[in-house]
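Engineer: based on what follows, work out the 3D shape:
(2 chains)
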Amino acid sequence: MSFRLSYRADPGNPWFSWQYVRDNSETVLAALRDHTTLTLRAVLIAALIAIPLAVVAYWFRPLTGPILALTGVLYTVPSLALFAFIAPYLGIGVATVLSVVVLYALLVIVRNAVAGLNQVPSEVREAAEGMGYGRWGRLLRVELPLALPGILTGLRLATVSTVALVTVGVVIGRGGLGQIIFAGFQNNFYKAQIMTGTLLCVLLALVLDLFLVGVGRLLTPWLRGRVG
Amino acid sequence: MNPVEQAVLWLNDPLNWTNPGGALDRLGEHVSMSAVAVLLGCLVAWPLGLWLGHTGRGGGLVVLVSNLTLAVPTLALLTILPLTFLGFGRPAVVVALAVFAVPPLLANAYTGVRQVDPQIREAARGMGMTGGQVLRRVELPLAVPYLAAGFRTAAVQVVATAALATFVNGGGLGEIIRFGFGLSIAVGGGQILAGGLLVAALAVSVELIFAWVERMVTPRPLRRVRRRAARRAADAVTGT
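Structural biologist: Numbering: from 1, shown residues only, chains lettered A, B, ... in the order given. The predicted structure follows:
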């Protein structure tokens, strides 16, 4: 009588498999790199468009409604539909993925930046005016720094949701980690592959978020030590 | 022929609508899938959100839940759930969609109860109402505008997300787009664009319909003030 378990040659289909990660490290790393660069480029472009837009909305109050409404409508359009609108023109490639994720990140950044700028107390604004600051000087030296926490919140939200959104790029074959997740689904539901892609996505979102928190702390030394 | 002309051509072909697996079938799938998902989300999120709001605990939990779902890719959830006990097929897709409906429903239910004037709550207590009665007869009616706002956000979000169900062969209008991509841009460009138009039109009309419903269930005197309140509730979702 033997209690020895029979050796299973079949590796099965585990949720977590270090073996998979080791054997496919090159593919996984390439996907991760693709994902990271896509996310960073998208957030950077979105910020470069969104912050001036927010300033325009802040300076010219009547424009606030239309700008927020426009970005809001964009947000209503499903991501897959947006891919469908853009792909026939920009083709299959990075440009399409980038434009879609930039459009989504825009709203979040604009809304938070406008909220941040509007939170600047009117006494502060008047004091700055009294000290002889012009419109630009006031914006760059007083209002933007004070709105920085709001802007950073927007950037953080945009970054996290962009990481998740990039995966939809699989529809045109440029989804970064989404590629791995979807391939796992097609490879006979290979769970380890799907899980690796998912966890790396969440991890990437977490790392980028913490990075932005760190940047925020460096840029707003006057808030340090305060709670919240 | 440019993609727009192709798309118009595709949309004008009646067979593309009425064929098995045509646009009408897909529309039915899309709407029924979304409706079940939103209702499922309501069943989970509303009681929980109202209760958390009533007891005043769990604010951190609400923010955590909404932030977590923000970071998990839709695609991942759609692929992972069919591999669990739910099995491959429609139920798994519906549950995945319901997960994305929960954060706005939960956050708005919580905020809706929290924003009730404490004095009103105390008055109700003073009249001898029990905790359950306060929740049901005072806090719940006053939270209705928030619940409606959350429902609208959730519905739009689910309808938009349901387009991705096509990746796991879940059906819905997304199928039209994915088949188009399968044909390559040159051939399928029109179909891709047509599918995109259909999905976008559905999402926008759901948004408009529920915006109207939201307005209707809001008592008239509250309507003007509520615009700001809605924004605050929406901010609760995004954690700002």
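Engineer: ok, the residue in chain B positioned nearest to chain A - contacts?
Structural biologist: As assessed by C-beta to the nearest C-beta, chain A sits closest to residue B:196 within chain B, at 2.7 Å. C-beta here means a position set from N, CA and C on the backbone, and glycine is covered the same way. By C-beta atoms under 8 Å, 6 or more residues apart in numbering or on different chains, the contact list for residue B:196 reads A:80, A:81, A:82, A:83, A:84, A:85, B:177.
Engineer: okay, and which of these map to strands?
Structural biologist: Among the contacts of residue B:196, no member is found in strands (DSSP state E).
Engineer: and the residues you listed, which is closest to residue B:144?
Structural biologist: residue A:81 (31.4 Å; C-beta to C-beta).
Engineer: surely the closest one and residue B:204 touch.
Structural biologist: No. In this structure, residue A:81 is not within contact of residue B:204 by C-beta atoms under 8 Å, at 9.9 Å.
Engineer: looking at the two, which has the bigger crowd around it?
Structural biologist: residue A:81 (28 against 17; other C-beta atoms under 10 Å in any protein chain shown).
Engineer: how far away is the more buried one from chain B?
Structural biologist: Look at residue A:81 and chain B: by C-beta to the nearest C-beta, to the nearest Å, they are 4 Å apart.
Engineer: can you tell me how far that residue is from residue B:31?
Structural biologist: Here residue A:81 is placed at a distance of 16 Å from residue B:31 (C-beta to C-beta, to the nearest Å).
Engineer: contacts only, for the most centrally placed residue in chain A.
Structural biologist: Note on chain A: the residue nearest the mean C-alpha position is residue A:159, at 2.0 Å, using C-alpha atoms, centre = their mean. With contact taken as C-beta under 8 Å, 6+ apart, residue A:159 is in contact with A:39, A:43, A:105, A:205, A:208, A:209, A:212.
Engineer: list phi and psi for it.
Structural biologist: Main-chain torsions, residue A:159, degrees, to the nearest 10: phi -60, psi -50.
Engineer: tell me how many other residues surround residue A:95.
Structural biologist: By other C-beta under 10 Å, 14 other residues sit near residue A:95.
Engineer: secondary structure element holding it?
Structural biologist: helix A:94-118 (DSSP states H and E).
Engineer: now do residue B:69
Structural biologist: For residue B:69, the enclosing helix or strand under DSSP H and E is helix B:59-71.
Engineer: average model confidence for that helix?
Structural biologist: Per-residue pLDDT over helix B:59-71 has a mean of 80.
Engineer: anything in the helix or strand following that helix near chain A?
Structural biologist: Past helix B:59-71, further along toward the C-terminus, the next helix or strand under DSSP H and E is helix B:74-80. Yes. Judged by C-beta under 8 Å from any C-beta of the partner chain, helix B:74-80 and chain A are in contact via B:74, B:75, B:76, B:79, B:80.
Engineer: what is whichever helix or strand comes after helix B:74-80 packed up against?
Structural biologist: Where DSSP H and E defines the elements, the next helix or strand beyond helix B:74-80 is helix B:90-114. In terms of contacts (3 or more C-beta pairs under 8 Å, 6 or more residues apart in numbering or on different chains; DSSP states H and E), helix B:90-114 is packed against helix B:23-55, helix B:59-71, helix B:74-80, helix B:140-162, helix B:223-238.
Engineer: tell me the angle of whichever helix or strand comes after helix B:90-114 relative to helix B:90-114?
Structural biologist: Going down the chain from helix B:90-114, the next helix or strand is helix B:118-126, by DSSP H and E. Angle, helix B:118-126 to helix B:90-114, by axes from the mean of the first three to the mean of the last three C-alpha atoms, to 10 degrees: 90 degrees.
Engineer: how far does the following helix or strand past helix B:118-126 sit from its chain's centre?
Structural biologist: Using DSSP H and E, the helix or strand that directly follows helix B:118-126 along the chain is helix B:131-133. How far helix B:131-133 lies from its chain's middle: 29 Å, per C-alpha atoms, centre = their mean, to the nearest Å.
Engineer: quick check: mean pLDDT of helix B:131-133?
Structural biologist: pLDDT averaged over helix B:131-133 gives 87.
Engineer: for chain B, give me its nearest residue in chain A.
Structural biologist: Closest point on chain A to chain B, by C-beta to the nearest C-beta, is residue A:84, at 2.7 Å.
Engineer: any idea how far the closest residue to that residue other than its chain neighbours is from residue B:96?
Structural biologist: Counting by C-beta to C-beta, 6 or more residues apart in numbering or on different chains, residue A:84 lies nearest to residue B:196, which is 2.7 Å off, once chain neighbours are set aside. Distance of residue B:196 to residue B:96, given as C-beta to C-beta: 22 Å.
Engineer: can you give me the mean pLDDT across the stretch of helix or strand residue B:208 belongs to?
Structural biologist: Per DSSP H and E, residue B:208 falls inside helix B:185-217. Helix B:185-217 carries an average pLDDT of 85.
Engineer: pull out the buried residues from it.
Structural biologist: Within helix B:185-217, the residues scored as buried using 16 or more other C-beta atoms under 10 Å in any protein chain shown are B:185, B:188-200, B:202-204, B:206-207, B:210, B:214.
Engineer: please enumerate the strands of chain A.
Structural biologist: Secondary structure of chain A, counting by DSSP E: no strands present.
Engineer: shaky segments in it?
Structural biologist: For chain A, applying pLDDT under 70 flags the ranges A:1-12, A:225-228.
Engineer: pull the longest helix from it.
Structural biologist: helix A:25-59 (DSSP state H).
Engineer: could you check the angle helix A:94-118 makes with that helix?
Structural biologist: Going by the same axes, to 10 degrees, helix A:25-59 makes 40 degrees with helix A:94-118.
Engineer: by neighbour count, which bits of helix A:25-59 are buried? Give me those.
Structural biologist: A:28, A:31-32, A:34-36, A:38-39, A:41-43, A:45-47, A:49-51, A:53-55, A:57-58.
Engineer: elements contacting that helix?
Structural biologist: Using 3+ C-beta pairs under 8 Å, 6+ apart, helix A:25-59 sits against helix A:61-76, helix A:94-118, helix A:144-166, helix A:177-186, helix A:191-219.
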